[in-house]
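> next come a sequence and a model predicted from it.
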Amino acid sequence: MATKCKDYNFQEIEPHWQSFWEENHSFRAENGSTKPKYYVLDMFPYPSGAGLHIGHPEGYTATDIMARYKRARGFNVLHPIGWDAFGLPAEQHAVKTGTHPASNTQNNIANFKRQIKALGFSYDWDREIDTTDPKYFRWTQWIFLQLFKRGLAYVDERPVWWCPELRTVLANEEIVDGKSEVGGFPVERRNLRQWVLRITAYAERLLADLKGVDWPDSTKRMQEAWIGRSEGAEIQFQLENAALGSLKIFTTRPDTLFGCTYMVVAPEHPLVDALTTTEQKSAVAAYHKMASGKSDLERTDLAKDKSGVFSGSFAINPVNGQRVPIWIADYVLMGYGTGAIMAVPAHDERDHEFAVRYALPIVQVIAPAGEAIKLPYSGDGKLVHSGAYTGLDWPEAKRRITADLAARGVGKATINYKLRDWLFSRQRYWGEPFPIVWVSESDYRRAASLRQDLPAQAVTFAENGVTHFALPLPDAALPLVLPDVQSYLPSGNGESPLANETAWLEIWFNLETGAAVPSSQPLPAGTVWVRARRETNTMPQWAGSCWYYLRFLDPRNSTAIASPEALRYWGVPDLYVGGAEHAVLHLLYARFWHKVLFDLGVVPQSEPFTKLFHQGIILGEDGEKMSKSRGNVVSPDTIIASHGTDSLRLYLMFLGPLEAMKPWNPRGIEGVHRFLQKVWRECLTAEGAVNPKITASLPEPAELTKLLHETIKKVGEDIENLRFNTAISQMMIFANALQKAPQVDPSTMRAFLQLLAPFAPHLAEELWARLGEAPSILRAPWPAFDAAKFATSEVKLVIQINGRHRGDLVVAKGLSQDAVLELLKNHAKVTPYLDGKMMKRVIYVPGKIINIVTEG
RNA sequence: GCCCGGAUGGCGGAAUUGGUAGACGCAACGGACUCAAAAUCCGUCGCCCUCUAAAGGCGUGUGGGUUCGAGUCCCUCUCCGGGCACCA
């Protein structure tokens, strides 16, 4: 089975064992197994034209070691891979070359696959998935329909980022520093019809359930901050002009209500016009023009310089009846709370800055005990100048004031979130089409009488005075595939290239079956055909990655996203490894979809990723981020050719802690490569025969046996804790000892090869076979350690005098303090420090240290 | 500005609950083997003082503190990295 090479010829060995694994389907995960399961998942890649960079195999090697280790531990391991293959680069390539994005995507996938296979990862290739495959995105569309039916998807005309250069809309997260993340082009605001998912309905659960997951703290905190929960109150201020009603504000500090000296509404607030008095009209108009002319970049970047204008109107403070002037200023955002605030300049930095600039009064209402303070003050204290509430601690006052306002019907306790609903459409070709058609109101009502799968409230959109109704395709009509198009260029008016495909777009639609006929053809017979226009938006790239971890459980299922048995048996990943750049978006969106599927009873658990780990970034040799322009990029292909993939895998793990950012050192790989060669030489002679020192006829040194058992323990523990760098150190220590030992028991050598196998699987397979074992090291159960083998009766005790290390002593394990002190009387290195001194104190930690504190 | 993470030899890093700082590897230096080289093996390798000895002193970004004892705990500051950024 093995190769016959005499020296460590990795170029022959590695492809040999890769074909062996492939032919034997060695890594196939069994559905319906009685073994315990272990599901270890990588964030699947976007198959870019550039191919793999060194960061991919870092995370993938970590999960591969875990997968191989867990298999040896007797688990039925699911370790899959697939392609997140919709995306803007493929579309831009299509625009440029006129070729279908699918063909470019498939080429890229083939290249990625070749590279990944050369790394020897133990993926179950029978479960490979591709988000652009209609058999896959049929279920992405299906999940969208479930959201739609539950009222979690709606259409709204809203200001979105429009990039004239890319001729498409971008999401907030695709904008970096006011420019498009792809290409770095300028962007502007435009109002366009968009699909939006109601993720805010899940804000509370998305926040609360973070407590139960095993994730890096920093990632949890980022999600918490992104969701941004804050408790406060909505309070109504009666307007002085009673005809206008009241102005509703949100505050987290109702206890500072007596310090409210003015109010602010956002420039986009619906009451702005009504509040503006005749005298102020021109000033407000001028301000409004200036504020709307600011790009969002300016509005945030120039945040330090607050500006605003007086509306001319006043409101009445509900706690003390005072007249409060209402200002219009763009430091208040329409998108959060009610778009209006009460300003308390004494206790809010922003309000303070504004009040100083416009000479508005500042009234202190919170004072800490005793100390003098500088305003604005936002610390603890008791209320002052606050009528009946004066003297209360502010949290208590917050409760009471909120309750009193609620009793009067002018306020209520509320919770606000920074999280916004998720803008879920793109005006592009290369994405999942929405399984939605737009019909007239009367046709929608007919559909509603025929079908059970419509949302409680119709999703509509008004355009040029006509209201269109969103009608879902029946589940059975899925997938809705992309039509071929003449041009991949966006239409340029805010619709995708699909808007130009009249035959696909304008249709006769069968209300019951979802069948379609181009409207250019005659209306089909029957009463269930209506005139419809397809949705031209497509879904964002996030859609396919929101649920892919579920498809791996049962990837060929044509009747469900996965069978209930598979969903129950495999559940969710036991370990999920990927970059920290996905800390918020992907991981939040996927959690949202998973919770919806949980509510639908599709999945049996409410969180998708119970244990998450972020691998760090590998920097270039120069300590800078790898990039083509810096010329510091290391390609896995090059390293595999020069040192082999086992060396690459080992070195990626040996560089440092998995989560750390660490520079690539081209010479460092020599070190791990030498280690592998050393292992080879310990197993085989220069002629390729079994090394004669591997023999059971003479005993191996007891020290070696002891070290083996220590190594088994440490390597196992380190793998469980993803501390691969120290596991490798330990194996190097063992290999050094192996080299010095005159004889090695065959069982010792075998056990060591098994420890090495998850890290350097090709070499381990080869040596395993060359030592006469068959058929594969993958079948051998993980070696067990025997703690008795490394338990010792003697320990080294460190001796300190006054906290300074003065020597050490090997003593019997359970020795008493008095016995140790007796021994020290004759310890040459120690006695000079003790002679003639009084022992003031002795600290004795058995087995570790004895510290003697002397007088004077 | 706010939140989080980090700083240990020439380099990457190791160090359990506070208990011998520098494991393992890279680089460097000396030696063995060799006609020679590569490979391999043996040895040295934080800084200072010193005879290249013995012994000692200093040392984990800065300054302080707690402790018999601090890389590890507390406070201060500096620098580096990441996230958020008018969210009331």
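Alright, I've got the coordinates. Residues are numbered from 1 along each chain as shown, chains lettered A, B, ... in the order given.
> and the pLDDT at residue A:492?
Looking at residue A:492, its pLDDT reads 69.
> also residue A:518?
Per-residue confidence at residue A:518 stands at 96 (pLDDT).
> any regions of the stretch 251-400 of chain A where pLDDT drops low?
Within the stretch 251-400 of chain A, the stretches with pLDDT under 70 are A:293-304.
> can we see that at 50?
The model of the stretch 251-400 of chain A has pLDDT under 50 over residues A:302.
> show me what from it comes close to RNA strand B.
A:251-253, A:266, A:299-300, A:302-303, A:306, A:330-333, A:335-337, A:339, A:341, A:348, A:350 (C-beta under 7 Å from any atom of the strand). To be clear about C-beta, it is placed using only N, CA and C from the backbone, and glycine gets the same treatment.
> go again with 6 Å.
Within the stretch 251-400 of chain A, the positions near RNA strand B by C-beta under 6 Å from any atom of the strand are A:251-253, A:299-300, A:303, A:306, A:330-333, A:336-337, A:339, A:341, A:348, A:350.
> secondary structure element holding residue A:350?
Using DSSP states H and E, the element containing residue A:350 is helix A:349-357.
> show residues contacting that helix.
Outside of helix A:349-357, the residues within contact range by C-beta atoms under 8 Å, 6 or more residues apart in numbering are A:261-262, A:264, A:306-308, A:327, A:329, A:331, A:341, A:343-346, A:360-362, A:375-376, A:378.
> stretch A:439-448 too?
A:454, A:458, A:467, A:468, A:469, A:471, A:509, A:511, A:530, A:531, A:532.
> go again with 6 Å.
Stretch A:439-448 is contacted from outside by A:454, A:469, A:471, A:511, A:530, A:532, using C-beta atoms under 6 Å, 6 or more residues apart in numbering.
> secondary structure class for residue A:520?
coil (DSSP: H, G, I helix; E, B strand; the rest coil).
> which residues touch stretch A:269-277?
Under C-beta under 6 Å, 6+ apart, the answer for stretch A:269-277 is A:244, A:284, A:311, A:312, A:313, A:326, A:328, A:339.
> quick check: the fourth one is in a strand.
When you say that, I think you mean residue A:312. Yes. Assessed with three-state DSSP, residue A:312 lies in a strand.
> from what I can see it touches residue A:281, true?
No. The criterion here is C-beta atoms under 6 Å, and residue A:312 misses it with residue A:281 at 8.3 Å.
> show me which of these two is the more surrounded one.
residue A:312 (18 against 13; other C-beta atoms under 10 Å).
> off-centre distance for stretch A:34-44?
18 Å (C-alpha atoms, centre = their mean, to the nearest Å).
> just the element for the residue of chain A found nearest RNA strand B, please.
Going by C-beta to the nearest atom of the strand, RNA strand B is nearest to residue A:671 of chain A, at 2.5 Å. According to DSSP H and E, residue A:671 maps onto helix A:668-683.
> pull out the buried positions in that helix.
A:669, A:672, A:673, A:675, A:676, A:678, A:679, A:680, A:681, A:682, A:683 (16 or more other C-beta atoms under 10 Å).
> derive a ChimeraX selection command for the buried subset of the residues of the stretch 251-400 of chain A next to RNA strand B.
The buried subset of those, as determined by 16+ other C-beta under 10 Å, is captured in ChimeraX by this line:
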select /A:251,252,253,306,330,331,332,336,337,339,341,348,350
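> among the residues of the stretch 251-400 of chain A next to RNA strand B, which lie within strands?
Among these, the residues falling in strands (DSSP state E) are A:251, A:341.
> re earlier: just the ones of the contacts of helix A:349-357 in strands?
Taking DSSP E, the ones among these that sit in strands are A:262, A:264, A:308, A:327, A:329, A:341, A:343.
> quick one: the residue of chain A closest to RNA strand B from residue A:643, how far?
From residue A:671 over to residue A:643 the distance is 11 Å, taken as C-beta to C-beta, to the nearest Å.
> could you measure from residue A:197 over to residue A:151?
Per C-beta to C-beta, residue A:197 is found 11 Å from residue A:151.
> and those two? which has more neighbours close in?
Each of residue A:197 and residue A:151 has its neighbours counted (other C-beta under 10 Å); residue A:197 has more, 23 against 13.
> residues near the nearest residue to the more buried one once chain neighbours are set aside, how many?
Spatial nearest neighbour of residue A:197, chain neighbours left out: residue A:422 (4.3 Å); criterion: C-beta to C-beta, 6 or more residues apart in numbering. When neighbours are defined as other C-beta under 10 Å, residue A:422 has 20 of them.
> right, and residue A:422 touches residue A:201 too?
No. Contact criterion C-beta under 6 Å: residue A:422 and residue A:201 do not qualify, at 10.9 Å.
> which ChimeraX command selects the buried ones in the contacts of stretch A:439-448?
Buried subset of the contacts of stretch A:439-448, written as a ChimeraX selection, criterion 16+ other C-beta under 10 Å:
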select /A:454,469,471,511,530,532
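> what's the burial count for the closest residue in space to residue A:844 that isn't next to it in sequence?
Computed as C-beta to C-beta, 6+ apart, the closest residue to residue A:844 that is not its neighbour in sequence is residue A:817, at 4.3 Å. By the measure other C-beta under 10 Å, the count of residues near residue A:817 is 12.
> how about residue A:616, what does it touch?
Residues counted as contacts of residue A:616 (C-beta under 6 Å, 6+ apart) are A:659, A:660, A:661.
> okay if I get these as JSON lines plus distance to RNA strand B and secondary structure?
Formatted as JSON lines, the contacts of residue A:616 follow (distance: C-beta to the nearest atom of the strand, whole Å; DSSP: H, G, I helix; E, B strand; the rest coil):
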{"residue": "A:659", "distance to RNA strand B": "8", "secondary structure": "coil"}
{"residue": "A:660", "distance to RNA strand B": "5", "secondary structure": "coil"}
{"residue": "A:661", "distance to RNA strand B": "6", "secondary structure": "coil"}
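> between those, which is nearest residue A:51?
Lowest distance from residue A:51 to those (C-beta to C-beta) belongs to residue A:661, with 22.3 Å.
> okay, the closest one: pLDDT?
For residue A:661, pLDDT reads 92.
> can you get me a residue count around it?
14.
> I'd assumed residue A:618 was in contact with it.
No. Counting by C-beta under 6 Å, residue A:661 stays clear of residue A:618, with 8.0 Å between them.
> one step back: check the ones in strands among the contacts of helix A:349-357 and tell me the two furthest apart.
A:308 and A:341 (11.6 Å).
> stretch A:721-728 near RNA strand B anywhere?
Yes. Interface with RNA strand B: stretch A:721-728 contributes A:725, A:726 (C-beta under 6 Å from any atom of the strand).
> contact partners of that stretch?
Counting by C-beta under 6 Å, 6+ apart, A:653, A:654, A:656, A:658, A:715, A:718 sit against stretch A:721-728.
> please, which helix or strand holds the last one?
Counting by DSSP H and E, the element that carries residue A:718 is helix A:702-720.
> flag every buried residue along that helix.
Quick answer for helix A:702-720 (16+ other C-beta under 10 Å): A:704-705, A:707-716, A:718-719.
> cool, stretch A:123-134 as well?
Applying 16+ other C-beta under 10 Å to stretch A:123-134 flags A:123, A:124, A:125, A:127, A:128, A:129, A:130, A:131, A:132, A:133 as buried.
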